[in-house]
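> no FASTA, just this:
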C-alpha cells in the first residue's frame with residue numbers, strides 16, 4: 001500500500017490518498033441486449049463482475065407514508081418503488097398497475113448514529129439516499145436504504161413533505177454537500193423544478209431553495225472543493241419545423257457560488273457562456289429559431305472533435321441584489337447570454353484534477369431519425385470543461401461524439417482517475433430503432449476518440465425484467481401510467497466519506513478496495529437498486545484484474 005499527499009488548490013485541505021488508483025482491466029461485454037417484444041433479458045456484465053440486489057420496488061418501507069393533496073386526494077406509499085394505487089402487475093385483461101416511483105440518483109454515505117422510525121433499532125453505518133422521480137400528482141418522497149439493516153428496516157422514508165407542508169416533488173439528482181451539511185436534491189420540472197436541501201436526521205427537513213438556485217429542469221448536481229454547486233440542466237427544446245425529429249439546444253450548465261460555503265441561502269447563480277470560434281461572440285439561444293439553432297455552425301462546432309472554446313461564467317442572479325423570491329433560471333440564462341446545450345444531464349469532476357476538469361453528458365434527441373445526426377449533436381456526447389474551480393473562465397471541448405451505437409448518455413461517474421463510466425437512457429423509441437437496450441460504457445479520458453481505433457468499452461448490457469417487458473407492451477395504451485423498458489441510472493462510485501475528502505472528484509477511486517463501492521439503479525419495471533461486486537474479491541484486493549494500469553499509479 002502506498003500513501004500519497006495531494007494539495008487541493010480549490011479547497012483548504014490536503015487529501016491523503018490511500019493506494020494507487022488502477023484502471024479496471026475488464027472484459028468487454030460483446031454486444032447489447034436486443035429489444036424483443038414479449039422477451040425479458042438478464043443484465044450482462046463482464047465475467048469479473050456480478051450484480052447484487054440491494055433493494056427493489058416491492059420491499060416494504062418501515063414507515064408507510066400518507067399525504068393528502070390539495071384536491072382532497074390521498075397518496076399512500078407502503079413500498080420502496082411503488083405507490084399504493086394498484087397491483088404491481090396488471091391483472092388479466094387490464095393495464096392497471098401501481099404507480100412506479102423510479103428511485104433515481106444514488107448518494108452513498110458512511111454515517112454514525114442515524115435514527116429511523118424504530119427508536120430502538122441500530123440502523124448501522126452504511127446508507128444510500130435517493131429521491132424518487134415519478135409520483136401521483138407530484139407527491140413524491142426521499143428514501144434512505146439502510147445497507148446494514150434487516151428487511152423490516154431496510155428502507156426508511158426520510159420525508160414526503162417540505163417544511164412548508166407541500167409534498168416533496170419528483171426528484172432526479174442528488175449529492176451531499178459536506179460544507180453546508182445538507183443533502184441536495186434536484187427536480188427536473190422545468191418552470192416548477194429546482195434544488196432542495198435536506199437534513200440527514202430522521203425525519204429529514206426538506207427546504208425549497210428556488211429563491212436561491214431558481215427554477216429549472218435541474219438534474220445533475222455536484223459540489224466542488226470550494227463549496228460551489230454545479231448544476232446540469234435537462235430541459236428539452238422545441239422540435240424544428242423542417243428538422244422535426246431534432247430538438248433545439250435549450251439547457252444550460254450552472255454554478256452556484258455561495259457567500260459562505262456553510263450556508264446555501266445566499267450567493268450567486270451563474271450560467272456557462274461559450275464563445276463562438278467563428279464570430280468571437282457568445283453562443284446564445286435564439287427564440288423562435290429552432291431549425292436554425294439545430295443546424296447552426298456553432299452547434300456543429302460544439303459537436304466537432306478538436307475544437308477548443310473559451311468559456312466564462314455569467315452571473316444571472318445574486319441574492320444580495322435580486323433578493324430571494326423564486327425565479328426562472330432557464331429564462332434568465334437565455335436573456336443573459338448563457339450557451340444552450342442539447343439536453344445535458346449529469347456531470348462529475350475528474351479525480352486528481354483538483355476540481356479543474358468537469359465532464360458532463362448530453363443525451364441528444366433519442367430518435368434515430370434526428371436530422372442533426374452525430375455532427376450536430378443529435379446522438380449526444382460528452383464534454384470536458386477545464387478550469388480551476390474558483391476561476392470565472394475556462395476551456396471547453398468535445399470529449400466524445402455520440403452515434404447510434406453510443407447514445408442517450410445520462411449518468412456519469414469516474415471508476416478511477418482516468419476512466420469514466422457513462423450510462424445510457426435511450427428510451428423505448430430508440431431501443432426499438434436500434435434493436436438495443438441501454439448500455440454502460442467505460443472510456444479512458446487520456447484517449448483521443450476522434451481516432452476511430454479508440455472506442456468505449458461496453459461493461460454492461462442492461463437487460464429487461466419481466467415487469468418492464470409487460471410495461472413495454474402496454475406503453476401507449478389508454479390510461480397506462482408507467483414507463484416501458486428498464487433504464488440505467490444512478491451509477492455511483494464512492495467511499496461514503498461524509499467530509500470534504502469524500503466529495504466526488506476529491507479522492508482517487510479504488511473500486512472494491514479501501515471502502516469504495518459501486519451502485520446503480522435499474523429504473524422502471526421492478527425498480528431495483530444494485531451493487532456491483534467483484535466475482536473474485538481477492539483479485540481486486542491485490543490491485544485489480546490484469547495487474548492494473550501502470551499509468552494510473
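Looks like it came in fine. This structure is a prediction, so every number in the text was calculated from the model and none was measured.
> where does the stretch 401-550 of the chain dip in pLDDT?
For the stretch 401-550 of the chain, the stretches flagged by pLDDT under 70 are 542-550.
> for stretch 422-433, which positions count as buried?
Using 16 or more other Cβ atoms under 10 Å as the test for burial, stretch 422-433 gives 422, 423, 424, 425, 426, 427, 428, 430, 431, 432, 433. Bear in mind the C-beta positions are built from the backbone N, C-alpha and C, glycine included.
> err, stretch 467-486, not the other one
Going by neighbour count (16+ other Cβ under 10 Å), the buried part of stretch 467-486 is 467-472, 474, 480-486.
> for those, which one is nearest residue 234?
residue 483 (16.0 Å; Cβ to Cβ).
> My understanding was that the closest one contacts residue 100; is that so?
Yes - under the criterion of Cβ atoms under 8 Å, residue 483 makes contact with residue 100 at 7.3 Å.
> what is in contact with the two at once?
Jointly contacting residue 483 and residue 100 under the rule Cβ atoms under 8 Å, 6 or more residues apart in numbering are 134, 524.
> So which residue is dead centre in this structure?
For the chain, residue 411 is the residue whose C-alpha lies nearest the centre (Cα atoms, centre = their mean; 4.1 Å).
> Quick check: phi and psi on residue 190?
phi 60, psi -120 (degrees, to the nearest 10).
> same question but for residue 502, I mixed them up
Dihedral pair for residue 502: phi -90, psi 0, per degrees, to the nearest 10.
> got the contact list for it?
By Cβ under 8 Å, 6+ apart, residue 502 lies in contact with 109, 176, 178, 494, 495, 496.
> pLDDT wise, what is the third one at?
Yep, that's residue 178 we're talking about. The model reports residue 178 with a pLDDT of 98.
> circling back: return the closest of the buried residues of stretch 467-486 with respect to residue 40.
Distance ranking of the buried residues of stretch 467-486 against residue 40, using Cβ to Cβ, places residue 469 first at 4.6 Å.
> Nearest residue to the closest one in space, ignoring adjacent ones along the chain?
Excluding the flanking residues, the one nearest residue 469 by Cβ to Cβ, 6 or more residues apart in numbering is residue 40, at 4.6 Å.
> roughly how far apart are that neighbour and residue 325?
Look at residue 40 and residue 325: by Cβ to Cβ, to the nearest Å, they are 49 Å apart.
> In terms of packing, which of those two has more residues around it?
residue 40 (17 against 8; other Cβ atoms under 10 Å).
> Show the backbone phi and psi for that one.
Main-chain torsions, residue 40, degrees, to the nearest 10: phi -90, psi 160.
> Tell me how far it lies from residue 531.
Counting by Cβ to Cβ, the gap from residue 40 to residue 531 is 21 Å.
> Could you do residue 523 as well?
Distance of residue 523 to residue 531, given as Cβ to Cβ: 16 Å.
> Which one's more surrounded, these two?
Regarding residue 523 and residue 531, a neighbour count based on other Cβ under 10 Å identifies residue 523 as having more, with 28 against 19.
> Report the contact partners of that one.
Residues near residue 523 by Cβ under 8 Å, 6+ apart: 102, 103, 104, 133, 483, 486, 487, 488, 489.
> Among those, which one sits closest to residue 145?
The closest of these to residue 145 turns out to be residue 103 (Cβ to Cβ; 8.5 Å).
> now the farthest one out in the chain, which residue is it?
residue 93 (36.7 Å).
> Which stretches in the chain count as helices?
In the chain, the helices defined using DSSP state H lie at 210-213, 290-294, 297-302, 319-322, 329-335, 427-434, 466-474, 537-541.
> what's the closest of the ones you listed to residue 152?
Here helix 466-474 is closest among the helices of the chain (Cβ to Cβ), at 23.5 Å.
> Tell me what angle that closest one forms with helix 427-434.
Using axes from the mean of the first three to the mean of the last three Cα atoms, to 10 degrees, the inter-axis angle of helix 466-474 relative to helix 427-434 is 80 degrees.
> which other residues reach helix 466-474?
Contacts of helix 466-474 (Cβ under 8 Å, 6+ apart): 35, 37-40, 88-90, 95, 97, 428, 464, 480, 482-486, 524-526.
> Please compute how far it lies from its chain's middle.
With Cα atoms, centre = their mean, to the nearest Å as the basis, helix 466-474 stands 24 Å off its chain's centre.
> Kindly report the same for stretch 472-490.
On the basis of Cα atoms, centre = their mean, stretch 472-490 sits 20 Å off its chain's mean C-alpha point.
> likewise stretch 115-134?
Remark: stretch 115-134 is offset 21 Å from the chain centroid, using Cα atoms, centre = their mean.
> got a list of what residue 260 touches?
By Cβ under 8 Å, 6+ apart, the residues touching residue 260 are residue 266.
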